[in-house]
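**Q** the following block contains a protein sequence and its predicted model.
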Amino acid sequence: GAVVSQHPSRVICKSGTSVKIECRSLDFQATTMFWYRQFPKQSLMLMATSNEGSKATYEQGVEKDKFLINHASLTLSTLTVTSAHPEDSSFYICSASGDRSGGYTFGSGTRLTVV
Amino acid sequence: KQEVTQIPAALSVPEGENLVLNCSFTDSAIYNLQWFRQDPGKGLTSLLLIQSSQREQTSGRLNASLDKSSGRSTLYIAASQPGDSATYLCAVGPGGGNKLTFGTGTQLKVEL
C-alpha cells in the first residue's frame, strides 16, 4: 500500500533555532500534501496544503513566515519551523494524496520540543 | 461547511465484544470516507476507505458502512482485542486532492 515516510520522529531544539521536517511519499506521486499539528488529546489541526511546484495555502491563523512549506517534487514536502519557541512544541503530521485509491496516507509524525 | 461528528467520544469494553463506532457528516457531497486509527504519540493508520459509490468495505475483523443519503458511516469491530485500543477517526474527503474533514474521534479501550 501507499507509504509516507516522515523524519525525524523526534527532535529537540533550542529556542530561536529552525527545524526542518521531511515528508516523502515512497511509492506514489503525491500531488498534494497536507501538514497538521496536533495538541495532546485533541484532533488534528490542518496548517497548510501544498501542491507540487506552487505556493502552499495556509489555514487562517497559521503564520506562513514561521511555518515554511516547500513541495519541490512530487515525492517530497518539507515543513520548516523558523525561530522556534516553546509554544511551537507540538506533534506535527504530514499527509499525502495522489495514490490510485483516492485516499490519504499519513506520516508517522514528528514530536517537536523547543527548550 | 462540512462538519463531522463521532459518537461515542470514548468507549471501554471487555475483550471479545463486538462494537460499533458511529460517524455522521452534514454534507453528503463527499468523494470518499476514510477510517483511521491513531495510537498515542503516533501518526494515523488508514483502516478502510469507502468510495462514495460504495456501501461498505471489509478488512479482517473490521467492517465499515456508508450511507451517503443519511450522512452516516459506521465502523464495526468484531471480537475486540486489547490491541484494538486506540483513537479511531473518520474523515470525509471532497475529492480532487482537497483537504479532509476529520471527526472528533472515539477513544476506544478494550480491557482484558
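**A** Received it, and whenever you're ready, just let me know what you need.

**Q** beta partners for residue A:20?
**A** residue A:80 (DSSP bridges).

**Q** now the one 5 residues further on
**A** The partner list for residue A:25 in beta bridges (DSSP bridges) reads residue A:4.

**Q** contacts only, for it.
**A** A:2, A:3, A:4, A:5, A:33, A:74, A:75, A:76, A:96, A:98, A:99, A:105 (C-beta atoms under 8 Å, 6 or more residues apart in numbering or on different chains). Quick note: C-beta positions are derived from backbone N, CA and C, even for glycine.

**Q** excluding chain neighbours, what is closest to the fifth one?
**A** Taking C-beta to C-beta, 6 or more residues apart in numbering or on different chains, and ignoring the residues beside it in sequence, residue A:33 has residue A:77 as its nearest neighbour in space, at 4.0 Å.

**Q** count of residues packed around that neighbour?
**A** Neighbour count of residue A:77, defined by other C-beta atoms under 10 Å in any protein chain shown: 31.

**Q** hang on, it in a strand?
**A** Yes - using DSSP: H, G, I helix; E, B strand; the rest coil, the assignment for residue A:77 is a strand.

**Q** give me the mean pLDDT for stretch A:21-33.
**A** Stretch A:21-33 carries an average pLDDT of 92.

**Q** endpoints of that stretch, how far apart?
**A** Terminal residues of stretch A:21-33 are spaced 13 Å apart (C-alpha to C-alpha, to the nearest Å).

**Q** so which bits of it are buried?
**A** Neighbour counts over stretch A:21-33 (16 or more other C-beta atoms under 10 Å in any protein chain shown) mark A:21, A:22, A:23, A:24, A:25, A:28, A:30, A:31, A:32, A:33 as buried.

**Q** closest to residue B:2 among those?
**A** residue A:32 (17.5 Å; C-beta to C-beta).

**Q** so which bits of chain A are right by chain B?
**A** Neighbours of chain B within chain A, by C-beta under 8 Å from any C-beta of the partner chain: A:1, A:6, A:31-32, A:34, A:43-44, A:46, A:49, A:51, A:91, A:93, A:95, A:97-98, A:101-109, A:111.

**Q** quick one: buried ones out of these?
**A** Buried among the residues of chain A next to chain B by 16+ other C-beta under 10 Å: A:6, A:31-32, A:34, A:43-44, A:46, A:49, A:51, A:91, A:93, A:95, A:97-98, A:101-109.

**Q** show me where chain A has its strands.
**A** Taking DSSP state E, the strands of chain A run over residues A:4-7, A:10-13, A:19-25, A:32-38, A:44-51, A:57-58, A:67-73, A:76-81, A:90-97, A:104-106, A:110-114.

**Q** chain B now?
**A** B:4-7, B:10-14, B:19-25, B:32-38, B:44-51, B:56-59, B:62-67, B:72-77, B:86-93, B:101-102, B:106-111.

**Q** would you mind checking the contacts of residue A:25 for buried ones?
**A** With burial judged by 16+ other C-beta under 10 Å, the buried subset of the contacts of residue A:25 is A:2, A:4, A:33, A:74, A:75, A:76, A:96, A:98, A:99, A:105.
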